[in-house]
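Enquirer: Below are the sequence and a predicted model; questions follow.
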Amino acid sequence: MKAVVLRGPGEIAIEDRPEPLVAEGSVLLKVDMIGLCGSDLNSYRGKNPMVSFPRIPGHEISATVVEGAAVAAGTQVTLSPYTSCGACAACRRGRPNACQNNQTLGVQRDGGLTEYLAVPPEKLYAANLSLKELCLVEPLTVGFHAVARGRVTGSDTVAIIGCGGVGLGAVAASGFRGARTIGIDVDDAKLEIARKAGATDLLNTTRDDLHTTLADLTGGLGPDVIIEAIGLPSTFRAAVEEVAFTGRVVYIGYAKEPVAYETRLFVQKELDILGSRNALPEDFREVIRMLEEGRFPVQDAVSRIFPMAEAPEALAAWSADPSKFSKIMIQVG
Ligand SMILES: [Zn+2]
Ligand SMILES: [Zn+2]
């Protein structure tokens, strides 16, 4: 079978690989479409410390079941690309999304940019969705999990800092729960998509002052929940500074450098400061429900679909100018 293989940083080729061996109880899938993620781009650029080469990238997967005892052949599915060890503290607490020994498809293990894939049935989610929508499920779950961590309800005002892929999922999740949802970004095009995904208010920090605007929108109280989805020290700090007293701060962004804080705010405001990583099965099911209700601007969120033979060109073009694309998908089958 054909597979797209990262041989090393910036080195990518289509190779012939043996079809996967289907272990007892596993399900054989024919891959239909793959969404490329920022982590695939980082792997391609040699900037993902978790990845080793050679590696088949891709973990946002739309596929059809070929054979497997647990699921009927022909079923359209997407899947959870993570593993969990069952033994670490996170797994023992029923939070396998934060498994200490997680291996993600396309990162520590070969991923989905190939014709066939064998996976355990518990990783699969069947849904009545288009191929594009199935590929969007996993990236959206990350924002949905953050909103679940923030215990967002319909009576909350939620501000999401960063409306890129991950932040957009948080916007959609917050809107889906009926919360007043403030999308914050520096890019009007991203904010417009955030509006279509469920943001009730938009804030462009190149024009609007963050503090004054959030204060205006919340009667001076600050948002009940702030979700940080960028990973900059300034936005890590802003989340703690702008959130309401007794509010919740959720971090999904990875800061690449240490962040200096006014820690007295943690105490004075009695904040819940929460990390959020990957997603749980209930997050997958909630995203699928939202997509099945047609509440997400799928056409706006996907910038281009390339055939598998052009996957190397697609990654090269994306790497040359990341701002030109939002989400790229690869048609495999
Ligand atoms: Zn991803
Ligand atoms: Zn574990």
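Expert: That came through, no problem. Computed from a prediction, not measured in an experiment: that's the story for all the values here. Ligands and ions are numbered 1, 2, ... in the order given.
Enquirer: can you give me the helices in the stretch 201-333 of the chain?
Expert: Using DSSP state H, counting those that start in this stretch, the helices of the stretch 201-333 of the chain run over residues 210-217, 233-242, 264-268, 281-292, 298-301, 311-320.
Enquirer: average pLDDT for the fifth one?
Expert: On average, the pLDDT along helix 298-301 is 93.
Enquirer: quick one: contacts of it?
Expert: For helix 298-301, contacts defined as Cβ atoms under 8 Å, 6 or more residues apart in numbering pick out 130, 132, 133, 136, 168, 192, 193, 196, 197, 291, 326, 327. Heads up, the C-betas are built off the backbone N, CA and C, glycines and all.
Enquirer: Can I get the buried ones among those as something I can paste into ChimeraX?
Expert: To isolate the buried members of the contacts of helix 298-301 in ChimeraX, using 16 or more other Cβ atoms under 10 Å:
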select :132,133,136,168,192,193,196,197,291,326,327
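Enquirer: May I have the predicted confidence score for residue 134?
Expert: Here, the pLDDT recorded for residue 134 equals 98.
Enquirer: start to end distance for stretch 184-191?
Expert: One end of stretch 184-191 to the other measures 7 Å (Cα to Cα, to the nearest Å).
Enquirer: Going by neighbour count, which residues of it are buried?
Expert: For stretch 184-191, a neighbour-count test (16+ other Cβ under 10 Å) marks 184, 185, 190, 191 as buried.
Enquirer: Which pair of the residues you listed spans the longest distance?
Expert: Greatest spacing in the buried residues of stretch 184-191, by Cβ to Cβ: 184 and 190 (10.0 Å).
Enquirer: shared neighbours, those two?
Expert: Both residue 184 and residue 190 are contacted by residue 163, under the criterion Cβ under 8 Å, 6+ apart.
Enquirer: Next up, the contacts around the closest residue to residue 59 other than its chain neighbours.
Expert: Taking Cβ to Cβ, 6 or more residues apart in numbering, and ignoring the residues beside it in sequence, residue 59 has residue 81 as its nearest neighbour in space, at 3.6 Å. By Cβ under 8 Å, 6+ apart, the contact set of residue 81 is 59, 60, 61, 104, 105, 106, 111, 112, 123, 138.
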